[in-house]
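Student: Predicted model and sequence follow; I will ask about them next.
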Amino acid sequence: MELHISGEQLLAAVADAALVVDRDGRIREANAHAHEQFGYEAPGLIGRPIDLLVPVAVRAGHAAHRSRFAAAPRHVFGDVRGLFNGLRRDGSAFPVRITLAPISTAVGPMTFALVHDLSESIENEEMLGQAKQDQRRAIGQAERALVRHDALAQAVFGLSLAIDALGTESDPDALRRGLIELSQTLHRLIHDLSEEEPST
């Protein structure tokens with residue numbers, strides 16, 4: 001049983017932006033995802049030069065790449081070297097991964113291009129990186145808090161021993177010296193507790 005599937009059906013079934021480009025660099029076919037991704041109303045991309053969809057700064061390099069590809073057509077999977085961004089109609093750029101394949105048509109050889117928008121993937125990677133950074137910061141703060149807690153516990157325990165000792169002291173001068181030392185210790189403790197946690 002033969003399957004009769006048109007090129008339009010295949011383009012419509014692709015989840016990414018799909019473009020068919022002729023040897024002159026003009027877009028001959030584009031699916032709905034391509035129009036949406038690049039900000040054009042269908043069929044606004046048809047007949048336009050493919051270089052229009054790359055940032056101005058890399059158009060010369062992209063044209064040279066197209067010439068090399070036309071001279072030696074081959075499958076190219078993943079990122080096309082030297083081209084990292086697509087350009088929307090409103091002038092905004094976005095990161096892309098491009099896959100190219102030479103195809104034969106009734107009107108001559110063409111290039112099939114899949115353009116995958118990497119914006120969400122990069123955003124997710126950045127969010128994951130931020131989450132890991134926040135986790136490391138929280139662990140550090142918890143460790144510092146634990147150290148401060150231990151120091152506080154030791155200081156309070158020492159103060160309680162000093163107070164107990166003063167309670168049994170009968171010499172007024174010794175009691176006075178003990179109270180001064182206790183007051184100084186309390187001031188140091190209050191000062192340490194009032195210090196802000198260093199920012200990280």
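Tutor: Structure's in. What do you need? Residues are numbered from 1 along each chain as shown.
Student: So what's the predicted local confidence for residue 10?
Tutor: Residue 10 is assigned a pLDDT of 73 by the prediction.
Student: That one: neighbour count?
Tutor: Look at residue 10: counted by other C-beta atoms under 10 Å, it has 13 neighbours. C-betas here are computed from N, CA, C, even on glycine.
Student: For residue 29, list each beta-bridge partner.
Tutor: On the basis of DSSP bridges, residue 29 is bridged to residue 20.
Student: what's the neighbour count on residue 15?
Tutor: 9.
Student: correction: residue 11
Tutor: Residue neighbour count, defined by other C-beta under 10 Å, stands at 19 for residue 11.
Student: Over to residue 112?
Tutor: Neighbours of residue 112 (other C-beta under 10 Å): 20.
Student: all helices of the protein, in order?
Tutor: Residue ranges of the helices in the chain, as given by DSSP state H, are 7-13, 32-38, 59-71, 119-167, 172-194.
Student: helices or strands up against the first one?
Tutor: Spelled out, that is helix 7-13. Under the contact criterion of 3 or more C-beta pairs under 8 Å, 6 or more residues apart in numbering; DSSP states H and E, helix 7-13 touches strand 17-21, strand 27-30.
Student: closest to residue 88 out of these?
Tutor: Comparison of the helices and strands packed on helix 7-13 against residue 88 by C-beta to C-beta identifies strand 17-21 as nearest, at 11.2 Å.
Student: Need the helices and strands packed on helix 7-13 in CSV (columns: mean pLDDT and mean neighbour count).
Tutor: Putting the helices and strands packed on helix 7-13 into CSV (pLDDT from 0 to 100; neighbours: other C-beta atoms under 10 Å) gives the following:
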stretch, mean pLDDT, mean neighbour count
strand 17-21, 95, 23
strand 27-30, 96, 21
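Student: By mean pLDDT, show me the worst of the helices of the chain.
Tutor: Least confidently modelled of those is helix 172-194, at a mean of 67 by mean pLDDT.
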